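[1] Structure for this input, please:
(one chain, ligands or ions: 1)
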Amino acid sequence: MSTKSALAQQLAIVAGFEDPTVSLEQYRTPPELAATLVHTADLHEDIADRTVLDLGCGTGMLALAAALRGPTRVVGLDIDPAPLATARENERKVASTTDVGWVRGDATRVPLAPDDPTTVVMNPPFGAQSDNEHADREFLGTAADIADVSYSIHNRGSVEFVEAFAADNGGEVTHAFEAAFDLPHQFEHHTEATRTVDAEVFRIAWR
Ligand SMILES: C[S@@+](CC[C@H](N)C(=O)[O-])C[C@H]1O[C@@H](n2cnc3c(N)ncnc32)[C@H](O)[C@@H]1O
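    Coordinates of the predicted model:
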């Protein structure tokens, strides 16, 4: 297994969104956070024996982080075809050991029912730009339906919501950690050169 920092270095060439859509909250997870999330998942479950599904994969950062650890199968799903084209290019650049299946689809209505042990990884929209607080709720619902464990990034202050959602849907938050990261200015409504995202990452065991 490569170290967490080696994984982050491999992910540094993963390109972000060329023309991000505000309402879809399209921004790339920083390589360091993606490496930390997948490294944590690998320590818990040894993802070599698993299917990994990235809900709202964008340009592929989390799916590719997983693919570099050689799981049985990796699927990246996004509602927008534009970042999926970039994700395919990113896959060629990182030269992962496991191929990724890139699927256009709605993460809130996933047409997949994997039989094998499945890890969901995701940085879902928070609803921050649309006044749709907890837009991540439906992504968590999909994780509850198809995964036995998930790792998800949420905005700060989500712990009560995520714990309650998990408990109501047969799950349990077993681990959590905070992460803050800077995003470059990319949307019109951003007035600063960078925007700091205060996030929390949760591991949820679903069954
Ligand atoms: C914050 S970005 C994260 C992108 C990528 N996973 C990463 O970590 O770099 C959220 C992603 O969710 C996607 N998305 C938003 N709503 C979706 C939906 N209903 N179904 C699938 N993808 C969706 C967006 O297009 C965007 O790529």
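[2] what about this protein, any weak spots by pLDDT?
    Filtered on pLDDT under 70, the chain yields the residue ranges 128-131, 185-193.
[3] Around the ligand, pick out the residues from it.
    Where the chain comes near the ligand, counting by Cβ under 6 Å from any ligand atom, the residues are 24-29, 54, 56-58, 61-62, 78-80, 83, 106-108, 123, 125. C-beta: built from backbone N, CA, C; applies to glycine.
[4] Would you point out which residue is most central in the protein?
    Among the residues of the chain, the smallest C-alpha distance to the mean C-alpha position (Cα atoms, centre = their mean) belongs to Met122, namely 2.3 Å.
[5] And it, how close does it get to Ala205?
    Taken as Cβ to Cβ, to the nearest Å, the spacing of Met122 relative to Ala205 amounts to 16 Å.
[6] Kindly report the same for Glu160.
    Using Cβ to Cβ, one obtains 18 Å as the distance from Glu160 to Ala205.
[7] The two: which has the busier surroundings?
    Neighbours were counted for Glu160 and for Ala205 using other Cβ atoms under 10 Å; Ala205 has more, 17 against 8.
[8] Now the phi/psi pair for the more buried one, please.
    Ala205 adopts backbone torsions of phi -90, psi 120, taken as degrees, to the nearest 10.
[9] Any of the residues of the chain next to the ligand buried? List them.
    Burial by neighbour count, 16 or more other Cβ atoms under 10 Å: within those this picks out 24-29, 54, 56-58, 61-62, 78, 83, 107, 123, 125.
[10] What residues sit buried inside stretch 70-79?
    Residues of stretch 70-79 classed as buried under the neighbour-count rule (16+ other Cβ under 10 Å) are 71, 73-78.
[11] Any idea how far apart the tips of it sit?
    Here the two ends of stretch 70-79 are set 25 Å apart, with distance taken as Cα to Cα, to the nearest Å.
[12] can you check stretch 166-176 too?
    For stretch 166-176, the first and last residues are 13 Å from each other (Cα to Cα).
[13] Cheers, nothing more for now.
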